[in-house]
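S.K.: Have a look; sequence and predicted model below, questions after that.
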Amino acid sequence: MNITLIKLYIEKYKREFENIHNQEIYKWQAIKQFQDNFDIDSKDFYSNIELSLNRANNLLSSSLYFPLPMLLENTKESPEEIRVLFKDLFNEDLDILRRVENFRKQFNLLSKSVFPEKKNHYQDHRAVIVYLALRYP
């Protein structure tokens with residue numbers, strides 16, 4: 001590890017903090033939104049997911065990348081199944097790699113059964129890590 005290089009990056013980060021802060025604060029706002037609203041036991045899980053993730057759109061949707069819309073579509077059709085996937089994903093008693101892979105695999109199976117015409121469920125590693133980061137920043 002190059003300590004000198006790390007120190008240079010830290011100094012550059014400090015010098016440019018205001019600019020970085022202005023560009024990246026939305027991520028902390030997305031975390032706050034999720035933390036303040038997410039309720040795994042919500043009676044209306046679809047509305048809860050929609051509210052909890054409404055500030056994370058930039059992290060979960062972009063050109064040709066649609067994990068949030070696919071999550072919402074699947075939650076609308078199968079809220080209890082998606083709730084179980086999130087309970088398992090957020091269960092820190094289980095191995096994190098297994099949780100991530102299980103979420104992706106089970107979401108894929110569910111999405112294919114509900115929306116057989118759609119070829120991509122978009123719940124890749126990036127999307128699943130966003131969910132984990134929102135829950136456990």
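M.R.: Yep, that arrived. Numbering: from 1, shown residues only.
S.K.: which secondary structure elements does the helix ranked longest in the chain contact?
M.R.: In the chain, assigned by DSSP state H, the helix with the most residues is helix 17-37. Helix 17-37 makes packing contacts with helix 45-52, helix 57-60, helix 125-135 when contacts are defined by 3 or more CB pairs under 8 Å, 6 or more residues apart in numbering; DSSP states H and E. Bear in mind the C-beta positions are built from the backbone N, C-alpha and C, glycine included.
S.K.: Could you pull out the buried residues of the second one?
M.R.: Judged by neighbour count using 16 or more other CB atoms under 10 Å, the buried positions of helix 57-60 are 59-60.
S.K.: Kindly report the same for the first one.
M.R.: Of the residues in helix 45-52, those buried by neighbour count under the rule 16+ other CB under 10 Å are 45-46, 48-52.
S.K.: Would you format these as a markdown table with pLDDT included?
M.R.: Converted to a markdown table, these look like this (pLDDT from 0 to 100):
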| residue | pLDDT |
| --- | --- |
| Phe45 | 98 |
| Tyr46 | 98 |
| Asn48 | 98 |
| Ile49 | 98 |
| Glu50 | 97 |
| Leu51 | 98 |
| Ser52 | 98 |
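S.K.: How far does stretch 10-23 sit from its chain's centre?
M.R.: Relative to its chain's centre, stretch 10-23 lies at 25 Å (CA atoms, centre = their mean, to the nearest Å).
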